[in-house]
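Asks: build the 3D model from these lines:
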Amino acid sequence: MDFTEIGERGVVLLGCGKMGGAMLSGWIESGLPPAAVTVLDPEPSDWLAGTGVRLNADLPARPAITLIAVKPQMMGDALPALRGLTDTLYVSVAAGTPIAAFEAAFGTDARIVRAMPNTPAAIGRGITAIIGNANATGADLDMAEALLDAVGEVVRLDAEEQMDAVTGLSGSGPAYVFHMIEAMTEAGTAQGLGRELALRLARATVAGAGALAMTGEEPSQLRIDVTSPNGTTQAGLDVLMAELPDLMARTVGAAADRSRELGA
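Replies: The predicted structure follows:
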């Protein structure tokens, strides 16, 4: 993306934890001048201080985008700092905080995009779902998508209600995969492997399978391709497939339900 227009008006980043930092890093690597970004963070890291951004400085009057990347429980204290802004697109990456909360804070005429990224954004391999409010134009969504593209894929939702399911699936999903690696490692050690070897095998297996899944082939076909009838993989799948679909449905459902509770 050409960041010229955005750079001229400036970008405000409220909060620079792991997610905000990942996005900032992606923007800078994609060509956004650090001096075009104003970051508000009460406890800036050494990394942030060394990026060249405007740190805890006066805000531009009408920044192109204001990205809100603080935790939901900090919203009440953090949002008042943004109320003097005009003609900006607010983009929130805060889990469980609905668009209505930002309309209440900034006015019903505010242009707002709600986004749900996930932690692989830290290495540019995230996926982010976005939805705008009634005031957000197609150009606004394009601009938000262009900035979020810097840290991975972007998908657009049809309705805000879908955001809870996104949170349960892709937002929380990396933790499920990490736990699977833990479980595979322990299973390997139980079969006689040393822990370091089992961990190396589990990590590489999940990473390689994930890369293969991104080729576009249906996951079901990839599973069939690696499964010989009455072979070792089939023996393992007979156990896993008896339990995993229901377990995963309950896992994603529990996370989505919690997202709905936070939004309420």
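
Asks: C-alpha from now on. contacts and neighbour counts both.
Replies: Noted.

Asks: just confirm residue 169 is within a helix.
Replies: Yes - assessed by DSSP: H, G, I helix; E, B strand; the rest coil, residue 169 belongs to a helix.

Asks: what strand or helix carries residue 225?
Replies: helix 219-226 (DSSP states H and E).

Asks: quick one: contacts of stretch 6-15?
Replies: 20, 32-33, 36-41, 59-60, 62-70, 78 (CA atoms under 8 Å, 6 or more residues apart in numbering).

Asks: narrow those to those in helices?
Replies: Judged by DSSP state H, the subset of the contacts of stretch 6-15 located in helices is 20, 78.

Asks: following element in sequence after the helix holding residue 225, please.
Replies: Trace forward from helix 219-226 with DSSP H and E and the next one is helix 232-263.

Asks: name the helices or strands packed onto that next one?
Replies: Counting contacts by 3 or more CA pairs under 8 Å, 6 or more residues apart in numbering; DSSP states H and E, helix 232-263 is packed against helix 162-166.

Asks: what's the helix it packs on packed up against?
Replies: helix 232-263.

Asks: what residues sit buried inside the helix it packs on?
Replies: Buried residues in helix 232-263, counted by 16 or more other CA atoms under 10 Å: 234, 251-253, 255-260, 263.

Asks: ok, back up a step: how far off centre is the helix holding residue 225?
Replies: 28 Å (CA atoms, centre = their mean, to the nearest Å).

Asks: go on, stretch 162-173?
Replies: Chain-centre distance of stretch 162-173: 10 Å, with CA atoms, centre = their mean.

Asks: what comes into contact with that stretch?
Replies: Here stretch 162-173 has contacts from 95-96, 116-119, 127, 129, 157, 251-257, 259-260, using CA under 8 Å, 6+ apart.

Asks: tell me which residues of that stretch are tucked away?
Replies: 163-173.

Asks: now do stretch 84-104: everything it contacts.
Replies: With CA under 8 Å, 6+ apart as the criterion, stretch 84-104 contacts 59-72, 109-117, 133, 136, 140, 144, 164, 167, 259-263.

Asks: mind doing that once more with 6 Å?
Replies: Contact partners of stretch 84-104, identified using CA atoms under 6 Å, 6 or more residues apart in numbering, comprise 61-69, 111-116, 259, 262-263.

Asks: report pLDDT for the one residue sitting closest to the centre of the chain.
Replies: The residue lying closest to the centre of the chain (CA atoms, centre = their mean) is residue 117, at 1.5 Å. You'll see residue 117 listed with a pLDDT of 92.

Asks: is it in contact with residue 125, as I believe?
Replies: No - applying CA atoms under 6 Å, one finds residue 117 not in contact with residue 125, separated by 10.2 Å.

Asks: in stretch 119-131, which residues are buried?
Replies: 119-122, 124, 126-131.

Asks: ok now that stretch, how far from the chain's centre?
Replies: Distance, centroid of stretch 119-131 to centroid of chain: 4 Å (CA atoms, centre = their mean).

Asks: ranges for the helices of the stretch 1-150 of the chain?
Replies: 4-9, 18-29, 46-49, 75-78, 99-106, 138-148 (DSSP state H, counting those that start in this stretch).

Asks: which of these sits closest to residue 206?
Replies: Ranking these by proximity to residue 206 (CA to CA) places helix 18-29 first, at 22.8 Å.

Asks: got the contact list for the residue nearest to the centre of the chain?
Replies: 127-128.
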